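Build me a structure from this.
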Amino acid sequence: MIKRCFDIFASFIGLLLLSPFFIVIAIVILLDSRGGVFYKQVRVGKDNIDFKLFKFRSMSTGSDKKGLLTVGGRDSRITRSGFFIRKYKLDELPQLLNVLFGDMSLVGPRPEVRKYVDMYNAEQMKVLSVKPGITDYASIEYSNENELLAKSSEPEKTYIDEIMPAKLLLNQKYIAEQGLLTDLKIIFKTIAKIAS
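Okay, the predicted model is just below:
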């Protein structure tokens, strides 16, 4: 209950304060490439229920048909404005709407696409017992995930065999430690990581 109240308050204030910034980002995206401002993707949320996750569009329209993983900071599908907004995680800001609507929390395991959730074992499925979040331990630890995948000759295999299991272990760590103080610690660490 406290977590939900905090999520509603923080996401509402965040959306209110950032709304002028949202307008600027939207204009830049529209001027830079064809397509809409937002990108909506189906992700798996709490209790294994699908929901639509909001992002600022950072890729050319239809790019998700060429693969679900982003490989390297200079993935050819990323637009010029997209490179900048992804670098500073600005593409994630519209997920404050997901938090306000109740699909997500500010802090929690990052929501995955169905294709990869279907590969989880019984223990890994436990991460779906809590609401997904905008940030978590795994987001901080693997902030350079795109670069790691770029170094691999088989990016998807590397993600499935190495990165995904490691991130799920960090998700389970969060679930074991979850609480308001843990959430605040992760939020401040995330801000520090982005600013560094």
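
Can you get me a residue count around residue 105?
Residue 105 sits with 25 neighbouring residues when counted by other CB atoms under 10 Å. The C-beta positions use only the backbone N, C-alpha and C, and glycine is treated the same way.

right, and the helix or strand after the lengthiest helix in the chain?
When the chain is parsed with DSSP state H, its longest helix is helix 2-32. Downstream of helix 2-32, the next assigned helix or strand under DSSP states H and E is strand 38-44.

Off-centre distance for that next one?
With CA atoms, centre = their mean, to the nearest Å as the basis, strand 38-44 stands 10 Å off its chain's centre.

that older thread, what angle do the longest helix of the chain and strand 38-44 make?
140 degrees (axes from the mean of the first three to the mean of the last three CA atoms, to 10 degrees).

Residue 160 and residue 116 touch, don't they?
Yes. If you go by CB atoms under 8 Å, residue 160 and residue 116 touch, sitting 7.2 Å apart.

follow-up on the earlier one: quick check: mean pLDDT across the longest helix of the chain?
For helix 2-32, the mean pLDDT works out to 95.

mind checking how far it is from the chain centre?
15 Å.

how about that helix: buried residues?
Residues of helix 2-32 classed as buried by neighbour count (16 or more other CB atoms under 10 Å): 3, 6-7, 10-11, 14-15, 22, 25-26, 28-29.
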